[in-house]
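Enquirer: Pasting a predicted model and its sequence here:
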Amino acid sequence: MFVDVAKIFLKAGKGGDGIVSFRREKYIAAGGPNGGNGGKGGNIIIEVDEGLSTLMDFRYNKHYRAQPGDKGGPNDRTGKSGEDLVIKVPPGTIIKDEQTGKVLADLIKVDDTFIVVKGGRGGKGNACFATSTRQVPKFAELGEDGEEKWILLELKLIADVGLVGFPNVGKSTILSTMTEANPKIADYHFTTLEPNLGVVRLDNESSFVLADIPGLIEGAHEGVGLGHQFLRHVERTRVIVHVVDISGTEGRDPIEDFNIINSELKQFNPKLAERVQVIAANKMDIPSSEDNFEKFKEEMNKAEYEVYPVSAATGKGLRELFYKVNEILKSIPVLTIDEPVTEVREFRYEQSQQGWTIENDNDIYIIQGEAIKKLMRKVNFDDSESLQFFQRSIKKMGISNELERLGIKDGDTVKIFDLEFEYMR
């Protein structure tokens, strides 16, 4: 089974906690602080592996967690950082933020990598909080949580040439004839339910990757059938070989079929209308095809398309067709990414510019935000020195002034996450 979309959850490693420790030396009952910092949490990195061709593995394993950092040690020892977790994906994988739909990265080449979520910073040990006036700090900082995110992985096949056309026009037969690929082939619609890749080798110096894009139908750009799943693979191709059934044995009009498929491509992505197309008029071995071909070729030439008569069943005309395609490829640069890729990182909290917010709810003043969360990790509320450090930090951050501006009175409640305080000037 070909799997080209997957949704997975990533959780980077938590940073290790800093520790509270003091030197213990002979004849010195309590020396200075020497608690070390915690180690950094591991990142989660996605990397291209050319040996992979599907996203099948992600059907069974949807949750990934990186290793946390170790806590700090005495004698100013920093904890060991957590190991990064590397997840392998096939070439052509796009990484999207599941919540916003924004593209985070587009991994094309072998060994392309992207850090999707970063590990938390290690907490500072009490040695970092020693000052000339606070020589015995009895508090340390907890490690930060690692980033977490649901992401979508979307695989778009990377092929030089894509075969498109209605179901049962002979695309799979052309692929099997010109390459060593072995797609399932039968005389009924929707035989191919997954894209197939093969390498066309014309001579020792000429080869390219050919993809059989599964049968498209009217309404594919709106997701009819498996439209969206199939159309995304056409976006990667540099040249489109449009296969039509020129025989008309099924009562279809090859000109109408050609126009319908092109309309679907354009509506899915307007840039596909600009892609170079060569037309393969297939099933020329059927007697009724000759008359249909002349009419079809005349109409296509008016639109400046080149038409090649071929027979996938006998192989006639295929090499001439693909030699022409090879010439076109030599004149076309490697396809650039349609959508500019920028790294997108979003905070988990909506914050004011200062990194904190205050909300008054029935005279309960609720303080929240990433900045106050980080401060709380540093405080030991059972230690008087640590409490003084907390109060000075609140004033320095401007929170005390903002509370006064909002009209707080002595005895009102201040709530910071799960802790509640009685306000006193």
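Expert: Sure, I can see it. Residues are numbered from 1 along each chain as shown.
Enquirer: Just the strands from the stretch 101-250 of the chain, written as ranges.
Expert: 103-107, 113-117, 148-155, 161-164, 196-201, 207-212, 239-245 (DSSP state E, counting those that start in this stretch).
Enquirer: Go through those strands and find the least confident stretch.
Expert: Mean pLDDT values for the strands of the stretch 101-250 of the chain show the minimum at strand 196-201, a mean of 78.
Enquirer: who does that strand pair up with?
Expert: Paired with strand 196-201 in the same sheet, following DSSP bridges, are strand 207-212 (antiparallel).
Enquirer: pLDDT weak spots in this structure?
Expert: 1-3, 26-30, 157, 180-195, 214-233, 334-354 (pLDDT under 70).
Enquirer: Between the two ends of stretch 404-418, how far is it?
Expert: 22 Å (CA to CA, to the nearest Å).
Enquirer: for stretch 44-58, same thing?
Expert: 15 Å.
Enquirer: repeat for stretch 371-385
Expert: 20 Å.
Enquirer: Mind listing residues that contact it?
Expert: 20, 123-124, 129, 134, 136-142, 144, 349, 351, 354-356, 386-387, 389-390, 393-394, 397, 399, 416-417, 419 (CB atoms under 8 Å, 6 or more residues apart in numbering). In this view, the C-beta of every residue, glycine as well, is placed from N, C-alpha and C.
Enquirer: repeat that with 6 Å
Expert: Defining contact as CB atoms under 6 Å, 6 or more residues apart in numbering, one finds that stretch 371-385 is touched by 134, 138-139, 141-142, 355-356, 386, 390, 393.
Enquirer: With stretch 119-126 instead?
Expert: Contacts of stretch 119-126 (CB under 6 Å, 6+ apart): 12-20, 33, 35-43, 69, 72, 82, 137, 140-146.
Enquirer: one step back: in TSV: the contacts of stretch 371-385, plus neighbour count and distance to F258.
Expert: Below are the contacts of stretch 371-385 laid out as TSV (neighbours: other CB atoms under 10 Å; distance: CB to CB, whole Å):
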residue	neighbour count	distance to F258
R134	15	80
K138	17	79
F139	23	74
E141	27	67
L142	21	65
G355	16	59
W356	22	61
S386	21	76
F390	19	73
S393	15	70
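Enquirer: Which of those residues fall within helices?
Expert: Residues of the contacts of stretch 371-385 located in helices (DSSP state H): 386, 390, 393.
Enquirer: contacting residues for the last one?
Expert: With contacts defined as CB under 6 Å, 6+ apart, the neighbours of S393 are L375.
Enquirer: can you redo the strands of the stretch 101-250 of the chain as JSON lines with distance to S311 and mean neighbour count?
Expert: Below are those laid out as JSON lines (distance: least, CB to CB, whole Å; neighbours: other CB atoms under 10 Å):
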{"stretch": "strand 103-107", "distance to S311": "39", "mean neighbour count": "20"}
{"stretch": "strand 113-117", "distance to S311": "46", "mean neighbour count": "19"}
{"stretch": "strand 148-155", "distance to S311": "33", "mean neighbour count": "19"}
{"stretch": "strand 161-164", "distance to S311": "15", "mean neighbour count": "25"}
{"stretch": "strand 196-201", "distance to S311": "17", "mean neighbour count": "18"}
{"stretch": "strand 207-212", "distance to S311": "17", "mean neighbour count": "22"}
{"stretch": "strand 239-245", "distance to S311": "12", "mean neighbour count": "24"}
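Enquirer: Dump those strands to JSON lines, plus distance to G411.
Expert: Formatted as JSON lines, the strands of the stretch 101-250 of the chain follow (distance: least, CB to CB, whole Å):
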{"stretch": "strand 103-107", "distance to G411": "49"}
{"stretch": "strand 113-117", "distance to G411": "43"}
{"stretch": "strand 148-155", "distance to G411": "39"}
{"stretch": "strand 161-164", "distance to G411": "73"}
{"stretch": "strand 196-201", "distance to G411": "73"}
{"stretch": "strand 207-212", "distance to G411": "72"}
{"stretch": "strand 239-245", "distance to G411": "75"}
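Enquirer: Nearest approach to G369 belongs to which of the ones you listed?
Expert: strand 148-155 (18.3 Å; CB to CB).
Enquirer: Can I get that closest one in CSV, CA atoms only?
Expert: The C-alpha trace of strand 148-155 is given here as CSV (Å, rounded to 0.1, in the frame of the first residue of the first chain):
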residue,chain,number,x,y,z
GLU,A,148,5.5,19.8,21.1
LYS,A,149,3.5,19.8,18.0
TRP,A,150,1.2,17.8,15.8
ILE,A,151,2.5,17.8,12.3
LEU,A,152,1.3,16.5,8.9
LEU,A,153,3.8,14.7,6.6
GLU,A,154,2.8,14.9,3.0
LEU,A,155,4.8,13.0,0.3
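Enquirer: List of residues touching it?
Expert: Looking at strand 148-155 with CB under 6 Å, 6+ apart, the contacting residues turn out to be 4-7, 9-11, 55, 90, 92-96, 98, 117.
Enquirer: how far off strand 113-117 does that strand point, in degrees?
Expert: If you take axes from the mean of the first three to the mean of the last three CA atoms, to 10 degrees, strand 148-155 sits at 150 degrees to strand 113-117.
Enquirer: among the contacts of strand 148-155, which are in helices?
Expert: Among these, no member lies in helices (by DSSP H).
Enquirer: So which of these sit within strands?
Expert: 5-7, 9-11, 93-96, 117 (DSSP state E).
Enquirer: Export the residues you listed to JSON lines and append columns for distance to A312.
Expert: Output for the ones in strands among the contacts of strand 148-155, formatted as JSON lines (distance: CB to CB, whole Å):
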{"residue": "V5", "distance to A312": "30"}
{"residue": "A6", "distance to A312": "33"}
{"residue": "K7", "distance to A312": "38"}
{"residue": "F9", "distance to A312": "45"}
{"residue": "L10", "distance to A312": "44"}
{"residue": "K11", "distance to A312": "50"}
{"residue": "T93", "distance to A312": "31"}
{"residue": "I94", "distance to A312": "32"}
{"residue": "I95", "distance to A312": "37"}
{"residue": "K96", "distance to A312": "37"}
{"residue": "V117", "distance to A312": "47"}
